[in-house]
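> Turn this into a structure:
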Amino acid sequence: MRPIAASVPVCPPCSNSVPRSNSVRNFPSLNSADRAAWFGRLWQQEQLSSGLILTVLDACFSHDFSLEFTKNNTLIDFGFFLEGSFINTVDTLAQGSVELKNGAGEFGFGCVPNMCGSVRFPAKRKIRIMHIHVHPFTLRTLLGRDMEQVTPCLLKVLENKRCSGFVRQHRQPPMVQAVANELFYGVKNSADFRMYIEGKAMELLALSLAVPSNAGPRTALCPKLRDILHAIREELEERHAAPPTLSELSDQYHLPIANMQAGFKTLFGMSVFAFIKEYRLQRAKKFFAEGNMNVSEVAWNIGYTNLSHFSAAYKKRFGVLPKAYLKALREHLHTSSGQRR
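As a prediction, the model looks like this:
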């Protein structure tokens, strides 16, 4: 994990009145009806249960595009960056301009009640971003007895204590990636069963909040070793279909295999081999959600040359054979589209 902390204005005590359908962001630069309508087709906001709002951006801009935004609410934001990269500049009264670099595979959360800023998107690059916006009262109610397990800066917000606002940014563990993609495609495919969308949103919040609560042991790793482990992880993600061996990684990064394995256990909670296997299977689930490939194509794409081995691994991980899972997904999407017509 790579936390990024920013000093921001003091958060006022949050009210127990939960906002309903007000926009969580305003976009001053969309100053014409045509531009607002155009962007509205790319950016959608969904009101879930009281105090829980979902926003999704799915776009590919033909030219470099900058978007100004303002926020004036006490909602806690959880952002998940699923594809592409961009730069987010946040302006605060306390610190001025803070630049946050966001890329695929990262997520962040924070509370900055009053802010403005801009986002710069590169041309001809697919961008997929999803945010869950939660009112503090709602999150406090959902957490219940788990309140003490959240990070201290968030706990202050939930307890209505005076605190400096905060922003934290981390790499997405495989489980967070999987559920984030399931939720994203559930929204994009217009899933009619609202309980599914709300359930996935709450599951994603729970998984995200568990990430910083497990960060304690990781402080024992020196910064240089953490950087090396993150670099190895990124390479494994890029080459997951044909990953390098432990010996190759050891030679390339000048890190003994035993240290690499121990570091992965501490930093990511699993061995190198387990990480590759989990990442592959989560990628498979993402491909099934996208609905563009059959089981054999998915297996081949993630590096399984033996379909039986893939099916066995998928069933062991998710409790269902991939063929049955894909069939159920397509039947659900077909039924949903038929009902909308």
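> alpha carbons only for contacts and neighbour counts from here, please
Noted.
> distance of Ala262 from Leu225?
Distance, Ala262 to Leu225, by Cα to Cα, to the nearest Å: 11 Å.
> Then Ser118?
34 Å.
> So for these two, which sits in the more crowded spot?
Between Ser118 and Leu225, Ser118 has the larger neighbour count (other Cα atoms under 10 Å), namely 18 against 14.
> Grab the nearest non-local neighbour of the more buried one.
Excluding the flanking residues, the one nearest Ser118 by Cα to Cα, 6 or more residues apart in numbering is Glu68, at 4.2 Å.
> Who are the packing partners of the host helix or strand of the one you found?
Assigned by DSSP states H and E, Glu68 falls within strand 65-72. Judged by 3 or more Cα pairs under 8 Å, 6 or more residues apart in numbering; DSSP states H and E, the packing partners of strand 65-72 are strand 114-121.
> mind checking how far whichever helix or strand comes after the strand it packs on is from the chain centre?
On the C-terminal side of strand 114-121, the nearest following helix or strand under DSSP H and E is strand 127-134. Distance of strand 127-134 from its chain centroid, counting by Cα atoms, centre = their mean, to the nearest Å, is 8 Å.
> Could you report the separation of the closest residue to Ile257 other than its chain neighbours from Pro244?
Nearest non-adjacent residue to Ile257, counting by Cα to Cα, 6+ apart: Ser250, 5.8 Å away. Distance of Ser250 to Pro244, computed by Cα to Cα: 10 Å.
> Which one of the two is surrounded by more residues?
Of the pair Ser250 and Pro244, Ser250 is the one with more neighbours under other Cα under 10 Å, namely 17 against 14.
> need the contact list for the more buried one.
For Ser250, the contacting residues are Pro256, Ile257, Met260, by Cα atoms under 8 Å, 6 or more residues apart in numbering.
> tell me the SS of the closest residue to the first one other than its chain neighbours?
Counting by Cα to Cα, 6+ apart, Ser250 is the residue found nearest to Pro256 once chain neighbours are left out, at 5.6 Å. Here Ser250 is helix, with the state taken from DSSP: H, G, I helix; E, B strand; the rest coil.
> need the contact list for the residue nearest to Ser118.
So Glu68 contacts Phe27, Pro28, Ser29, Cys116, Gly117, Ser118, Val119 (Cα under 8 Å, 6+ apart).
> out of these, who's nearest Asn88?
Val119 (4.5 Å; Cα to Cα).
> Pretty sure Lys323 sits in a strand.
No. According to three-state DSSP, Lys323 belongs to no strand; its state is helix.
> Quick one: residues contacting the closest residue to it other than its chain neighbours.
Distances taken as Cα to Cα, 6+ apart place Val295 nearest to Lys323, at 6.2 Å, with adjacent residues excluded. Contacts for Val295 (Cα under 8 Å, 6+ apart) come out as Pro322, Lys323, Leu326.
> Can you show me the strands along the stretch 1-150 of the chain?
43-47, 52-59, 65-72, 76-83, 85-92, 96-103, 106-111, 114-121, 127-134 (DSSP state E, counting those that start in this stretch).
> Return the member of those having the minimum mean pLDDT.
Lowest mean pLDDT within those: strand 96-103, at a mean of 76.
> before we move on, the earlier item: so can I have a markdown table of the contacts of Glu68 showing distance to Tyr314?
Output for these, formatted as a markdown table (distance: Cα to Cα, whole Å):
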| residue | distance to Tyr314 |
| --- | --- |
| Phe27 | 43 |
| Pro28 | 47 |
| Ser29 | 46 |
| Cys116 | 44 |
| Gly117 | 43 |
| Ser118 | 41 |
| Val119 | 38 |
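> And these, which of them are buried?
Among those, those scoring as buried are Phe27, Cys116, Gly117, Ser118, Val119 (criterion: 16 or more other Cα atoms under 10 Å).
> Show me the beta-bridge partners of the nearest residue to the first one once chain neighbours are set aside.
Closest residue to Phe27 apart from its sequence neighbours, by Cα to Cα, 6+ apart: Phe69 at 4.5 Å. On the basis of DSSP bridges, Phe69 takes part in beta bridges with Gly117.
> is it true that Phe69 touches Val24?
No. Distance between Phe69 and Val24: 10.2 Å, which falls outside the contact criterion (Cα atoms under 8 Å).
> what's the neighbour count on Leu246?
17.
> so what pLDDT did it get?
Looking at Leu246, the pLDDT reads 96.
> now the one 3 residues further on
Reported pLDDT at Leu249 in the predicted model: 96.
> quick revisit: list the buried residues in the strand holding Glu68.
Glu68, Phe69, Thr70, Lys71.
> any chance of these in TSV, plus distance to Arg128?
TSV is the format used below for the buried residues of strand 65-72 (distance: Cα to Cα, whole Å):
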residue	distance to Arg128
Glu68	18
Phe69	18
Thr70	20
Lys71	21
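> Walking through the stretch 101-250 of the chain, point out its helices one by one.
Taking DSSP state H, counting those that start in this stretch, the helices of the stretch 101-250 of the chain run over residues 136-143, 152-158, 174-188, 194-213, 223-238, 246-253.
> I'd like the distance from the shortest one to the chain centre, please.
On the basis of Cα atoms, centre = their mean, helix 152-158 sits 20 Å off its chain's mean C-alpha point.
> Likewise for the last one?
Relative to the centre of its chain, helix 246-253 is centred 29 Å away, using Cα atoms, centre = their mean.
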